[in-house]
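Visitor: Give me the fold of what follows.
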Amino acid sequence: MAAGSDTLPQTFERRGTCVPLISVPTFNHLRVREYVTSRGRLLEATIPNFSGTRRGEFAIVDWKQLPSMATLSERDSEVHARIMESRSALDLDPINVRSILQHADAAYNPDEERRRKAREQTQRDLEEQEIVRMSCIAQMTRECGVAQGDSFMARASTQSLLNLMSGKSAIADFRMEELIAKVMSHTALRAGCSVEDVRDWLEPLVGLIAPFGSVASEQETRTDGFLFRQHLRLLEFRGSLKAYATQARPEVADSAELILKVLDQTITYVSERIVRLDALLASIAGMFRQVRNSLDQLQKLRRDVAYGLDGWDDLVSIWLDAVENSHLIGGEQGMERAIGHILWHLPMIPYKELHGDAFDAQSSVERARVKLVSQMHSWQTDEMDFELQDRVERGKTKSEETGSRWEAS
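Guide: Prediction:
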């Protein structure tokens, strides 16, 4: 089954989550999504620009069929099996899928360097979660210090608490335990709950915040979680692409500008939610006062940001690698191939997720990028049609000379 721009998914869950299967080039950008019918739960794989479909369309197949469509590596077979074991759409969100991919890369990726990086990232995730836990305690300490007029506690930072915790003496252990007990008691009092409740609620809070990074005061440098790092890479990509677009030939510049429109929409969408997150974390005692509502808000923000960034990281890597190694990939031609690849794999935010924003990325980009290709490229070979390009340029010149209105078909 093939789908095109007239059947675009309207929510993140219907768009699905990127699950790159690296042993099959056609599967490098496929997505998985849950489809529940009266007959039960079905997992679907959506494969963009699959053989037999037109550009801009994607094939939809049963997830179970993928191994029969191509030979999967050990790494990809592990990923496929783990996805099959999922029980709900929540299991398929980008953060959970990232864990599946990371585990498979660490154990089975044929590239030794990628195995090493996956193991290092797994360890880094654990370390960052501990830092986030201490940053939450530091924030509660600052709130306690401000309320009690304790300047030392009001200036508490994550690093100062980590230094205190890493002290080797019994005195340091006692001071840390005494401080945490005081902070927990004060937070419970302000939140109108018990100390046990605060301790119980802290762990799920840390788990939800960890992908974003530490809770930092105005004087601290934020420790970035992997979602925030992806966001920063997106900003780097935008700056690099914007600079390239100003020097590129017209057709390629048009493609780059189209990518930039979708980039700007994604960056704005994610940035707005990071600002909301920071506002929410400004008072942890306030969050615990309405803990269920606060956790619901955190889960929604985490879901929105994770899905909003899903699919971009690999495209950013393709571009940054092309910029760094342009001399190895054919110079300008290689850069243009990278632009074309990114254009046809843009992870656009579904319309309903945008709540009616002015720029409807899906329909607008589908129309624009098909128009870009149809103007200058052959549908059969996907190569530049220089004869067509020459006719278009002569048509423009004639239009300017006669003053008639020219429109590209």
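Visitor: Just give the closest residue to Asp76, not the sequence neighbours.
Guide: Closest residue to Asp76 in three dimensions, ignoring its sequence neighbours and counting by Cβ to Cβ, 6 or more residues apart in numbering: Leu21, at 4.2 Å. All C-beta atoms are positioned from the backbone trio N, CA, C, and that covers glycine.
Visitor: right, I mislabeled it, should have said Phe50
Guide: Leaving aside its chain neighbours, Phe50 sits nearest to Ala59 (3.8 Å; criterion: Cβ to Cβ, 6+ apart).
Visitor: Now do the SS call for that neighbour.
Guide: Under the three-state scheme (DSSP: H, G, I helix; E, B strand; the rest coil), Ala59 adopts strand.
Visitor: Can you give me the buried ones in the host helix or strand of Thr141?
Guide: Per DSSP states H and E: Thr141 is located in helix 112-148. The neighbour-count check on helix 112-148 (16 or more other Cβ atoms under 10 Å) flags 115, 117-118, 125, 128-129, 131-145 as buried.
Visitor: about what we covered before: and the residue nearest to Phe50, what's its pLDDT?
Guide: Looking at Ala59, its pLDDT is 89.
Visitor: my guess is it meets Leu30, correct?
Guide: No. Counting by Cβ atoms under 8 Å, Leu30 is not a contact partner of Ala59; they are 9.1 Å apart.
Visitor: Looking at those two, which has the bigger crowd around it?
Guide: Shown here are Ala59 and Leu30; by other Cβ atoms under 10 Å, Leu30 has more neighbours (23 against 19).
Visitor: Need the residues touching each of Ala59 and Leu30.
Guide: Shared contacts of Ala59 and Leu30, defined by Cβ atoms under 8 Å, 6 or more residues apart in numbering, comprise 46-47.
Visitor: Below-threshold pLDDT in the stretch 51-200 of the chain: ranges please.
Guide: Applying pLDDT under 70 to the stretch 51-200 of the chain picks out residues 52-56, 165-174.
Visitor: Tell me which stretches of it form helices.
Guide: Here the stretch 51-200 of the chain has its helices, by DSSP state H, counting those that start in this stretch, at 66-69, 74-84, 94-108, 112-148, 151-154, 158-165, 170-191, 195-209.
Visitor: how about TSV for those, with distance to Leu281 added?
Guide: TSV is the format used below for these (distance: least, Cβ to Cβ, whole Å):
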stretch	distance to Leu281
helix 66-69	40
helix 74-84	32
helix 94-108	18
helix 112-148	7
helix 151-154	17
helix 158-165	13
helix 170-191	13
helix 195-209	7
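Visitor: between these, which gets nearest to Val262?
Guide: helix 94-108 (17.5 Å; Cβ to Cβ).
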